[in-house]
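Chemist: How does the following fold in three dimensions:
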Amino acid sequence: MNLTSPSQVKAWCIENGFHPNKVLGQNFLIDRNALVAIVDAGFAGRDPDGLDVLEIGPGLGVLTEEMLARGARVTAIEKDPPLAARLADALGNPEGLTVVEGDALDWIAADGNAHAFSCMVSNLPYQAGTRILLELVQRREIPSMTVLVQTEVAERLAAREGSKTRGLAGVWAQLDYDVKIVRKVAASCFWPRPEIGSSVVTLLRHGRNAGLSERERALFHRITKQAFEHRRKQLGSIFRDVIQSTARAEDLSNDDWTALVKDLAAAGVE
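Modeler: Residues are numbered from 1 along each chain as shown. Next up, the predicted model:
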């Protein structure tokens, strides 16, 4: 089956009585150009031959097939039992493929071996994509992640200080990763067609904050979470007697946040 052929994908679903699940955020990529762009971005500057890749939400296997064809070894985590059961057979039972049936969030929480992967390349499920990504960036185990997410999510992840889209997701992701939007992908490139478009985003681990202690990291996550829960307020109003500032949460860069955290930690703030 040509996984980028809308007619063949729809025919397979009808023949097998399979209905894409909105609750699981199943929107299958059916555009060849977008497919190549995602995989190219995921393997940029790397020889894919023998590369260990994590894929979350493989669906029918369109990304999986392309990555395997380039020589990568893929571990694909699929929550939907029928899709997980068919994936290996549908792709010819390649030696380089390992399929894990289950929820990616459970796999991460159970200390899955994310450290074993050189990169992640995924069309993340719409419903849980942001949460999955934030769980992974906080672990800092995967050096490179290339994901297809809703454009509004991509913009939040990449937002810089002062931006209206600046929020907790971007601050947390940028603590240890450089985030870049590679390209937009139209809603017409998926089946079923979602209501909004998507974007390809790359996250490259930068190591600039590798020196932060676990205590400082915990403080970073606590104060940024509290600040963005009250984003209309000035920081001085949120953290009385601790922070003297008229700035609001979205005004601070990640460098500003980490400098603030270091000062607070040195002052004994927990």
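Chemist: Point out where the stretch 101-250 of the chain drops to low pLDDT.
Modeler: Residues of the stretch 101-250 of the chain that meet the criterion pLDDT under 70 are absent altogether.
Chemist: mind listing what the residue nearest to L83 when sequence neighbours are not counted touches?
Modeler: With Cβ to Cβ, 6 or more residues apart in numbering as the measure, G59 is the residue that lies nearest to L83, at 6.1 Å, once sequence neighbours are left out. (C-beta placed from N, C-alpha, C; glycine too.) For G59, the contacting residues are 26, 28-29, 78, 83, 123, taking Cβ atoms under 8 Å, 6 or more residues apart in numbering as the criterion.
Chemist: Pipe those residues into TSV and attach distance to R205, neighbour count and secondary structure per row.
Modeler: Compiled in TSV, the contacts of G59 are given as follows (distance: Cβ to Cβ, whole Å; neighbours: other Cβ atoms under 10 Å; DSSP: H, G, I helix; E, B strand; the rest coil):
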residue	distance to R205	neighbour count	secondary structure
Q26	29	23	coil
F28	29	21	strand
L29	25	22	strand
E78	25	26	strand
L83	30	24	helix
N123	21	28	strand
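Chemist: biggest separation within those, which pair?
Modeler: L29 and E78 (14.8 Å; Cβ to Cβ).
Chemist: what comes up buried for stretch 143-160?
Modeler: Taking 16 or more other Cβ atoms under 10 Å as the neighbour-count basis, stretch 143-160 is seen to contain the buried residues 143-151, 153-159.
Chemist: got it, and stretch 131-147?
Modeler: Neighbour counts over stretch 131-147 (16+ other Cβ under 10 Å) mark 132-133, 135-137, 140-147 as buried.
Chemist: And the residue nearest to L83, how far from E78?
Modeler: G59 sits at a distance of 7 Å from E78 (criterion: Cβ to Cβ, to the nearest Å).
Chemist: Follow the chain on from the top helix by length along the chain and name the next helix or strand.
Modeler: What stands out as the longest helix in the chain, according to DSSP state H, is helix 214-229. Once helix 214-229 ends, the next helix or strand along the chain (criterion: DSSP states H and E) is helix 235-238.
Chemist: Return the distance of that next one from the chain's centre.
Modeler: 31 Å (Cα atoms, centre = their mean, to the nearest Å).
Chemist: which strands and helices sit next to that helix?
Modeler: When contacts are defined as 3 or more Cβ pairs under 8 Å, 6 or more residues apart in numbering; DSSP states H and E, helix 235-238 packs onto helix 214-229.
Chemist: how about the helix it packs on: buried residues?
Modeler: 216-217, 219-221, 223-224, 227-228.
Chemist: just to revisit the earlier point, so how far is L3 from the residue nearest to L83?
Modeler: When Cβ to Cβ is applied, the distance between G59 and L3 equals 9 Å.
Chemist: can you map out the helices along the stretch 1-150 of the chain?
Modeler: Secondary structure of the stretch 1-150 of the chain (DSSP state H, counting those that start in this stretch): helices at 6-15, 32-42, 62-69, 81-90, 104-109, 129-139.
Chemist: Any chance of CSV for those, columns distance to T98?
Modeler: Below are those laid out as CSV (distance: least, Cβ to Cβ, whole Å):
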stretch, distance to T98
helix 6-15, 23
helix 32-42, 18
helix 62-69, 11
helix 81-90, 9
helix 104-109, 12
helix 129-139, 18
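Chemist: Pick the most buried one from those helices.
Modeler: Mean neighbour counts were taken over those using mean count of other Cβ atoms under 10 Å, and the top value, a mean of 23, falls to helix 62-69.
Chemist: Next one: the closest residue to I196 other than its chain neighbours from P194, what distance?
Modeler: Nearest residue to I196, sequence neighbours excluded (Cβ to Cβ, 6+ apart): Q150, at 5.9 Å. To P194, Q150 is 8 Å away according to Cβ to Cβ.
Chemist: Give me the common contacts of the two.
Modeler: The overlap between the contact sets of Q150 and P194 (Cβ under 8 Å, 6+ apart) consists of Y126.
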